[in-house]
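Engineer: Quick one: sequence and predicted model below, then my questions.
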Amino acid sequence: MLDQSGLEILDRDECLALLATAAVGRIVFTTRGLPAVEPVKFLCRRGALWFPARAQTDLFGAARDGVVAFEADEFDAVLETGWWVSVLGRADAATDCDLPSRLPDLSWGDLHGDLRCVRIPIEVVSGRRVTR
């Protein structure tokens with residue numbers, strides 16, 4: 001099915017499959033009353049997105065029971081093809097995270113510090129595919 005712009009609408013299963021292939025996405029959250037966007041390395045599994053955040057950061061603060069948006073994509077500028085997937089969900093600091101050994105692989109920069117596991121249950125998901 002196509003949307004009003006002629007882009008292919010992806011169903012939930014297609015969106016989840018594409019999220020599983022992406023390594024980096026962008027989380028959109030609110031801090032100090034303003035929108036903020038940060039790139040994060042993440043995993044998509046068990047109906048949720050999982051990524052590390054350092055304690056005492058705005059991102060981790062917003063991820064404790066905050067509604068967030070998340071976006072991942074892949075585009076080929078030469079072929080003018082690609083896709084994007086957007087997720088809405090209520091993020092939480094996951095206490096049942098089974099990813100502690102993977103968190104350093106998913107973090108940026110200095111690995112020293114208090115890495116926490118953040119989960120976004122995939123409550124609402126939508127996506128589009130661009131083809132030529």
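Structural biologist: That came in fine, so what should we check first?

Engineer: now the strands for this structure?
Structural biologist: For the chain, the strands defined by DSSP state E occupy 8-10, 24-31, 34-41, 43-45, 48-54, 66-76, 81-93, 115-121, 124-130.

Engineer: got the buried residues for the last one?
Structural biologist: Of all the residues in strand 124-130, those buried under the rule 16 or more other Cβ atoms under 10 Å are 125, 127-130. Using the backbone N, CA and C atoms, a C-beta is placed for each residue, glycine as well.

Engineer: just the fourth one next, same as before
Structural biologist: Going by neighbour count (16+ other Cβ under 10 Å), the buried part of strand 43-45 is 43-44.

Engineer: That one pairs with which strands, parallel or anti?
Structural biologist: If you go by DSSP bridges, strand 43-45 pairs up with strand 48-54 (antiparallel).

Engineer: Could you list the low-pLDDT ranges of the chain?
Structural biologist: Under the criterion pLDDT under 70, the flagged ranges of the chain are 95-113.

Engineer: make it 80
Structural biologist: Applying pLDDT under 80 to the predicted model, the residue ranges of the chain that meet it are 63-65, 94-115, 132.

Engineer: among the strands of the chain, which is nearest F60?
Structural biologist: Proximity of those to F60 was assessed by Cβ to Cβ; the nearest stretch is strand 48-54, lying at 4.1 Å.

Engineer: How many neighbouring residues does the closest residue to D3 other than its chain neighbours have?
Structural biologist: Sequence neighbours aside, I9 is the residue nearest to D3 in space, at 5.4 Å (criterion: Cβ to Cβ, 6 or more residues apart in numbering). Here the number of neighbours of I9 (other Cβ atoms under 10 Å) works out to 13.
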